[in-house]
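Colleague: following is a predicted model, sequence given first.
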Amino acid sequence: MQLRQDLLNLIEQLSDEQLVLLMPLVLALRDHHQVKQVSSEASGAYQAWVGAENDVYDELFVDELATQ
């Protein structure tokens with residue numbers, strides 16, 4: 001399989017620090033049932049991060065918003 005070989009070649013070029021970041025994704029893919037859970041958690045965290053309660057720009061630019 002060419003794809004497998006390409007991935008292995010890329011992985012061999014990664015540092016140990018980069019491999020640490022890759023490991024959770026690889027494990028989740030290996031254990032397919034975890035993919036939905038990881039995706040859901042990531043989506044939930046992203047939604048919380050971009051949610052209105054975390055909108056720091058309103059606080060930072062309160063003067064600008066007031067003049068509009």
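Modeller: Alright, I've got the coordinates.
Colleague: look up how far residue 4 lies from residue 32.
Modeller: 17 Å (C-beta to C-beta, to the nearest Å). Heads up, the C-betas are built off the backbone N, CA and C, glycines and all.
Colleague: also residue 14?
Modeller: Taking C-beta to C-beta, one finds residue 14 at 16 Å from residue 4.
Colleague: try residue 52
Modeller: Applying C-beta to C-beta to residue 52 and residue 4 gives a distance of 44 Å.
Colleague: show me where pLDDT drops low in the chain?
Modeller: 33-42, 54-60, 64-65, 67-68 (pLDDT under 70).
Colleague: which segments of it make up each domain?
Modeller: Structurally, the chain divides into domains by automatic domain parsing as follows: 1-30, 35-68.
Colleague: export those domains to JSON lines and append columns for mean neighbour count.
Modeller: As requested, the domains of the chain are arranged in JSON lines below (neighbours: other C-beta atoms under 10 Å):
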{"stretch": "domain 1-30", "mean neighbour count": "10"}
{"stretch": "domain 35-68", "mean neighbour count": "9"}
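Colleague: next one: phi and psi at residue 13?
Modeller: phi -90, psi -10 (degrees, to the nearest 10).
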